[in-house]
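Trainee: quick one, fold the following:
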Amino acid sequence: MQSERPPTVIDCRESSEVAVAAIAGTIHVPMGDTKSRLPELEEYADDLVVVHCHHGVRSLQVVSFLRESGFESAVSLAGGIDRWSEEIDPNVPRY
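Mentor: Below is the predicted model of the structure:
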């Protein structure tokens, strides 16, 4: 996130979850809205795209869809925001 060219980070959790805990600088696209919002995400298709959810299950599904849609460098954040809170930023609440 602090590199010269940071990845595009997509948070695929529901709005109620984002209200509890969020990573600054992410794009919020709930998993159920990914298909309908694909046109606005296409500008990131050639970038490293990191998708996260709570623990990593939903983000894997979103990454699969994005890869099928041409996002070759889409990856899931292992452990989701929960692991992020434990290992990167303890100021992000765990839930």
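
Trainee: from here on, contacts and neighbour counts on C-alpha atoms
Mentor: Fine.

Trainee: grab the longest helix from this protein for me.
Mentor: helix 57-68 (DSSP state H).

Trainee: contacts for that helix?
Mentor: Helix 57-68 is contacted from outside by 12-13, 31, 34, 51-53, 72-77, using CA atoms under 8 Å, 6 or more residues apart in numbering.

Trainee: would you tell me what the next helix or strand after that helix is?
Mentor: With elements assigned by DSSP states H and E, the helix or strand that comes after helix 57-68 is strand 74-76.

Trainee: could you pull up the mean pLDDT of that following strand?
Mentor: Average pLDDT, strand 74-76: 98.

Trainee: going along the chain, name the strands of the protein.
Mentor: For the chain, strands defined by DSSP state E occupy the ranges 8-11, 27-28, 49-52, 74-76.

Trainee: list the strands paired with the last one, with their directions.
Mentor: Each strand that strand 74-76 pairs with, and the sense of that pairing, follows from DSSP bridges: strand 49-52 (parallel).

Trainee: which residues touch the partner strand?
Mentor: Around strand 49-52, the neighbours that count as contacts under CA under 8 Å, 6+ apart are 7-13, 58-60, 62-63, 71, 73-78, 80-81.

Trainee: recalculate using a threshold of 6 Å.
Mentor: Outside of strand 49-52, the residues within contact range by CA atoms under 6 Å, 6 or more residues apart in numbering are Pro7, Thr8, Val9, Ile10, Asp11, Ser59, Ala74, Val75, Ser76, Leu77, Gly80.

Trainee: I am finished for the moment; much appreciated.
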